[in-house]
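>>> sharing a model prediction with you, sequence too.
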Amino acid sequence: MDLNLFVIDFIRKKNIKWMEERRLDFVPLLSNFLIQILDGKSVLIITDGEREWFNDYIINKINNFNEFKPSFIPIFNIFKIAPQIKLARHPEQFDMIEDMLNIAFNENYIFWYIGKETNLLKFARRKPNSFFWIMDTDLSKNFYLKSLDERLNYKLIDLVEIINESLKAAIFGEIEI
C-alpha cells in the first residue's frame, strides 16, 4: 500500500479530521523521515522549552514494550545526551556539540525538531534530511503548526500516532515509501 493511502486510511479510522487537508504537506516529510530510520539512522529529538515534555512522550510511545516492533527504534532525547545544548549560544559551542554527536553516532543521525524558531532550530538545520515541525514559521521542508492553537498538544499527539503506525507498517513491509 502507498504511504499516502495508509495515512489517509489511518486518519479516517482514528477520526483525525484536522489532518485530512494537511496530510499532503505531511506525507512527503514523513516518507523522508521513515526512509532515514529504515536506513539505520538514529533520531535525536530537539524541542523548544514549551514542548520539552514531548521528548519523553515520543520516545515512550514509539519504543513501547506493548507495541510490537522487532526492536526499539534508535530515538533519543538530545537534552539527555548533551544537556549543554540548552546553554549553547555561540557557533563554537554548537560546533563542539555537533562534533561529539558525530563521533558518538558516526555521523549517522538526523534531528527531529519540534518548536518555535530558536538557536536550537538553527543547530538542527545543519543536519540534512532532518524532520522539522516548526511553530509559527512556514519554512521549506517543514510541517507548519501554530503555537497558539488551543488544540496543539492534541495535534502533536495525533501526529506521533500517525508516525508510530506508519513506522510499524514500514518495518513490516506493509507500505511502500
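Great, that's in hand.

>>> ok, now which ones touch the residue nearest in space to the middle of the chain?
In the chain, the centroid-proximal residue (C-alpha atoms, centre = their mean) is residue 112; its distance is 3.8 Å. Going by C-beta atoms under 8 Å, 6 or more residues apart in numbering, residue 112 touches 33, 43, 44, 45, 46, 58, 75, 130, 131, 132, 133. To be clear about C-beta, it is placed using only N, CA and C from the backbone, and glycine gets the same treatment.

>>> which of the residues you listed sits closest to residue 18?
Residue 18 has its nearest neighbour among the contacts of residue 112 in residue 133, at 14.2 Å by C-beta to C-beta.

>>> and the longest strand anywhere in the chain, average pLDDT?
Ranked by residue count, the top strand of the chain under DSSP state E comes out as strand 109-116. The pLDDT scores in strand 109-116 average 97.

>>> next secondary structure after it?
For strand 109-116, the following helix or strand on the C-terminal side (DSSP states H and E) is helix 119-124.

>>> following that next one, which helix or strand comes up?
As assigned by DSSP H and E, the chain's next helix or strand after helix 119-124 is strand 131-135.

>>> and the contacts of that following strand?
With contacts defined as C-beta under 8 Å, 6+ apart, strand 131-135 is touched by 29, 32-33, 36, 43, 48, 110-117, 121, 124-125, 139, 141-147, 152, 156, 159.

>>> just the angle for that strand relative to strand 109-116, thanks.
10 degrees (axes from the mean of the first three to the mean of the last three C-alpha atoms, to 10 degrees).

>>> chain center to strand 131-135, what's the gap?
8 Å (C-alpha atoms, centre = their mean, to the nearest Å).

>>> just the CA atoms of it, as PDB, please.
The C-alpha trace of strand 131-135 is given here as PDB (Å, rounded to 0.1, in the frame of the first residue of the first chain):
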ATOM      1  CA  PHE A 131      12.400  16.300  10.400                       C
ATOM      2  CA  PHE A 132      11.000  19.700  11.300                       C
ATOM      3  CA  TRP A 133       7.800  20.800  13.000                       C
ATOM      4  CA  ILE A 134       8.300  24.500  13.300                       C
ATOM      5  CA  MET A 135       5.700  26.600  15.000                       C
END
